[in-house]
Structures are given as structure tokens and as C-alpha cells.
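Peer 1: Starting from these lines, generate the structure:
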Amino acid sequence: MFTPPYSPESNGVAEHLNPTIEEALRTMLESAVTYDKRLWAEAVFTSIHIKNCQPYSALKDLTPYEAFYGSQPSIKHLQPFGRECNIQVPYQKRNDGKKLSPRAHRPIFTGYTNTINHYRVFLPDMKKTIVSADIFFPSFQIEGATPSIYCQPVVSSESKQTSLDYTYTNKGESSDDLWRKWMRDNPQEGNDLFNNHHPVIDRSIMADFRSGKRD
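Peer 2: Take a look at the predicted model:
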């Protein structure tokens, strides 16, 4: 479609979409754990990714993804922009001779890739964005709630990541406390996950070492 110069009103759909993306950009940057204007491009890319998973009346209530690929998009992998997460430090990049050196980073989630369960994350300390599949998203702490009695680890067949499957029922208990309870009840499974360098278990155990709860 050709349009004459200096007449943006002739591109009605595109011109209406731009302020929508700008509003999403500002909101996403403000809601991030750490406000950083340098992440504006990541926020724009992520907002467009989400909009492509939303239905449009112009497409007869189909999503742009479905109209292009012929199948409904999955939304199971969606995460709030700017939330903290944990990624595993590759064995090849760990410090030699330091068994207690960190085995995980705590970056900020910034977006998606063309591969499900491969996420873009920003490392504030290193000031760079990377793509990682070895990622763990802590469960949200809901106001006025902590977990129920039932909890067990669940390993995704696609991502090979482990998370606790539980629902919140009480107040004031963190997800790390849940992991500690589960490890006390399941020492062998917990040890296996530690040996496999699960980032949350690594962090919990290292915190116990530093506080003197373990020797």
C-alpha cells in the first residue's frame, strides 16, 4: 500500500497502533523491578509479542499469530515484563576452585524468542541482555496467602525446568521456605536437584550456609 508523504492519517491502523505500543512501553518500564530506559526496545518487542496473541475484530476474532501460522498461540509461557527470575550459570563459566561461588544469576525478564521456553533476560550487574533456557520463575506471593500442605516438584518435559506445584493458603511464607520444607520431607530428591544445580535450591542452601544454619 502506497501513501503520500506527510499524511500519516492515511495509515489509520498503523498510526493508531503506535500510541498503543507507546502506552504499553511506559507501563512496562514503570512496572519493572528496576526502572531502566535502556530496556525500551525490549519492552516494545515484548508488547508486540503479546498483541500478536490477542484476537482482533478485523481478523474475525482471530489472533495475528493464528492468522499467519494457522494455529492458536500458546500463552503458557507468558510472564510479566521486568520481573525477577533465576538463570543457571553454565558450568563452563563458573569460577574454578570455588564450590560456594554462585551457580545462578538473578536477572530481569525482558522478553521472548521464536523458541518456546527460551527467554530474553537483562543482567543488571553485567549490563547486558542474553537468551537463556535454564530459567526459573519464582511463584508469585499473593496478598494474604502462603502455601497449602500439598507441594511437589514438577519437571517440564519441554524445558527440563523444575518448579513447585502448590497453591497459596496462608500469609507470610516465601517460596524459598516452601522449598526448604519440601527438601526436609524429601531429602533424596532435594539432593538430586542440588546436584543438578537447580538455581532456587542452590540459592536457598547457600543462604543457609551464610546464616550458619548449615555446616
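
Peer 1: moving C-terminal of the one helix or strand residue 42 maps to, what's the next helix or strand?
Peer 2: Element membership for residue 42, per DSSP states H and E: helix 40-51. Using DSSP H and E, the helix or strand that follows helix 40-51 in sequence is helix 64-69.

Peer 1: how about that following helix: buried residues?
Peer 2: Buried residues in helix 64-69, counting neighbours by 16 or more other Cβ atoms under 10 Å, are found at 64-66. To be clear about C-beta, it is placed using only N, CA and C from the backbone, and glycine gets the same treatment.

Peer 1: now swap in stretch 72-84 and tell me
Peer 2: Result for stretch 72-84 [16+ other Cβ under 10 Å]: buried residues 73, 81-82.

Peer 1: a markdown table please, covering those and showing secondary structure.
Peer 2: Shown next, in a markdown table, are those (DSSP: H, G, I helix; E, B strand; the rest coil):
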| residue | secondary structure |
| --- | --- |
| 73 | coil |
| 81 | coil |
| 82 | coil |
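
Peer 1: For residue 190, see how far away residue 55 is.
Peer 2: Going from residue 55 to residue 190 by Cβ to Cβ, to the nearest Å gives 43 Å.

Peer 1: Check the separation of the first and last residues in stretch 120-130.
Peer 2: Stretch 120-130 has an end-to-end distance of 6 Å (Cα to Cα, to the nearest Å).

Peer 1: residues in contact with that stretch?
Peer 2: With contact meaning Cβ atoms under 8 Å, 6 or more residues apart in numbering, stretch 120-130 is reached by 34, 36, 39, 42, 85, 87, 105, 107-113, 131-132, 135.

Peer 1: Now find how far off-centre that stretch is within its chain.
Peer 2: Distance, stretch centre to chain centre, for stretch 120-130: 13 Å (Cα atoms, centre = their mean, to the nearest Å).

Peer 1: tell me which residues in it are buried?
Peer 2: So stretch 120-130, judged by 16+ other Cβ under 10 Å, has buried residues 120-122, 129.

Peer 1: Pull the most distant pair out of these.
Peer 2: Greatest spatial distance in those: 120 and 122, 7.7 Å, computed using Cβ to Cβ.

Peer 1: possible to save the buried residues of helix 64-69 as CSV with distance to residue 196 and pLDDT?
Peer 2: Shown next, in CSV, are the buried residues of helix 64-69 (distance: Cβ to Cβ, whole Å; pLDDT from 0 to 100):
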residue, distance to residue 196, pLDDT
64, 39, 91
65, 34, 91
66, 37, 92
